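In: Need a 3D model of the sequence below.
(one chain, ligands or ions: 1)
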Amino acid sequence: MPFAGISWSEHGFELVMIDEGGRQTTPPRTFPAGQIWGLVDHLRRTRQVRCVVDSTNGLIDGMLMEAGLPVYRADPGSLPPRPRFGSADARALAGAAVHRFTELTLLDPVKGTLTGRRSEQFRQIARSEQDAGPLRDAGRYVAYGDRSDPARSIALTFDDGPNPPYTGMILDVLARYGVPATFFCVGMRAAAHPDELARIVASGHEVGNHTWSHPFLPDLSERELAEQVERTDAAAGYPAARLFRPPYGTRTPMLMSWLTGRHDGHRLVLWDVDSADWQRPGPDAIAKGVLKQSRPGSIILMHDGGGDRSQTVDALPAIIDGLLADGYNLTLAGSLFPRKEKPHCLGPQPFPEPLSLSPLITGRTPCAIRSRP
Ligand code: ZN
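Out: Predicted coordinates:
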């Protein structure tokens, strides 16, 4: 069965197919980022193929798994250095499967993109918490807002888009209720779908930065991190709110020091309510899970991007109805930061989600993209 190496660059995706002897079986193909579904459909029709991506793969891995294809992740130790902006090239990815197959990780659709790297993620987050003080003191770190807020403010957030048609369908529901939300956009997708991005902004919603290609941040150099964030800012029109959410919620010491060093830089937004919608448990289960976890000040993680988000769309009315019935005031995530004059009023927030819900405990991928992203 051939291997399909799938790389990304600023121009989109490249596909290289080779057989087990390392011979190219078809000419390389390129797909603009706006045609990511075309790439998935092409590979689905190919059927007998094993896909190989790296850990910066632009959300393609979840969509491929959703299509029923086996997806292998090649990590940096098995690959040549990445270019200044992009993944390892497609030929190198497919070649890693031929020459270093045992070093690759077959992604588990339930565990998501970070299959096999959860303990590493946990260590990075734990180490980052030691460096989070300056951001908290500056009022630039939030996992949830004021629990005692009499207004019972709460924020809906949607990650990994824009992703037509689901982003537009979510915007339709939000418009029907007249409630705001925050969209953490992936730069690659924002650049490919400017109309959806413009509609988010024109509808009064908030846009945050979720990197260009949704990489696992521990694999990036500081220069790569800066490029991921700055290019996404540009693609999103330099949103004034200056919000940043790391993919999978993975904070790293380097991210913390980079954010702290930028005095006018981004504010870090995590979450405390995980809808787990990317696992597609059904709209009822998504809605019940969100309503059960929600508390005043909560930041709710959902996804418009990364795959088929029809269950998220279907769950949204019940979520909004339930929150309104419970007296919540839906607001923008950017309004939930602690006020600077009382930097310690919320106390320490050591983890973005209650430990009982932590993906590190349950094995769930927080913002992963599997059937999604
Ligand atoms: Zn994400």
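
In: Low-confidence stretches in the stretch 201-350 of the chain?
Out: 262-264, 340-350 (pLDDT under 70).

In: which residue does it bring closest to the ion?
Out: Scanning the stretch 201-350 of the chain for the residue nearest the ion gives residue 247, at 4.8 Å (criterion: Cβ to the ion). Yep, even glycine has a C-beta here, placed from its N, CA and C like the rest.

In: give the contact list for that residue.
Out: Residues near residue 247 by Cβ atoms under 8 Å, 6 or more residues apart in numbering: 210, 211, 214, 215, 216, 217, 367.

In: what's the distance between it and residue 261?
Out: 21 Å (Cβ to Cβ, to the nearest Å).

In: I'd guessed residue 283 sits against residue 318; true?
Out: Yes - contact status for residue 283 versus residue 318: in contact at 7.2 Å, counting by Cβ atoms under 8 Å.

In: Show me which residues of the stretch 101-250 of the chain sit near the ion.
Out: Residues of the stretch 101-250 of the chain found near the ion (Cβ under 5 Å from the ion) are 159, 160, 247.

In: Pull up the gap between the second one and residue 210, please.
Out: Read that as residue 160. Residue 160 is 7 Å from residue 210, by Cβ to Cβ.

In: do the first one as well
Out: Note on residue 159: its distance to residue 210, by Cβ to Cβ, is 6 Å.

In: Overlap of the contact sets of those two?
Out: Common neighbours of residue 159 and residue 210 (Cβ under 8 Å, 6+ apart) are 184, 245.

In: ok, back up a step: which residues do residue 160 and residue 210 both contact?
Out: 184, 186.

In: any idea where the strands of the stretch 201-350 of the chain begin and end?
Out: Assigned by DSSP state E, counting those that start in this stretch, the stretch 201-350 of the chain shows strands spanning 206-209, 243-244, 267-269, 273-274, 299-303, 329-331.

In: Restricting to C-alpha, output the longest one in PDB.
Out: Taking only C-alpha atoms (Å, rounded to 0.1, in the frame of the first residue of the first chain), the coordinates of strand 299-303 have been written out as PDB:
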ATOM      1  CA  ILE A 299     -15.200  29.900  28.600                       C
ATOM      2  CA  ILE A 300     -16.700  27.200  26.400                       C
ATOM      3  CA  LEU A 301     -14.500  25.500  23.800                       C
ATOM      4  CA  MET A 302     -16.200  24.400  20.600                       C
ATOM      5  CA  HIS A 303     -15.100  24.000  17.000                       C
END
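
In: anything in it near the ion?
Out: No - for a cut-off given as Cβ under 5 Å from the ion, strand 299-303 has no contacts with the ion; the smallest distance is 7.0 Å.

In: Give me the contacts around that strand.
Out: Contacts of strand 299-303 (Cβ under 8 Å, 6+ apart): 142-145, 154-161, 269-275, 277-278, 290, 294, 309, 312, 316, 319, 333, 336, 366-367, 369, 372-373.

In: in the stretch 201-350 of the chain, which spans are helices?
Out: In the stretch 201-350 of the chain, the helices defined using DSSP state H, counting those that start in this stretch lie at 222-235, 253-261, 283-293, 310-325.

In: Let me have these in a markdown table, extended by distance to residue 98 and mean neighbour count.
Out: As requested, the helices of the stretch 201-350 of the chain are exported to a markdown table (distance: least, Cβ to Cβ, whole Å; neighbours: other Cβ atoms under 10 Å):
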| stretch | distance to residue 98 | mean neighbour count |
| --- | --- | --- |
| helix 222-235 | 26 | 18 |
| helix 253-261 | 33 | 17 |
| helix 283-293 | 40 | 18 |
| helix 310-325 | 37 | 19 |
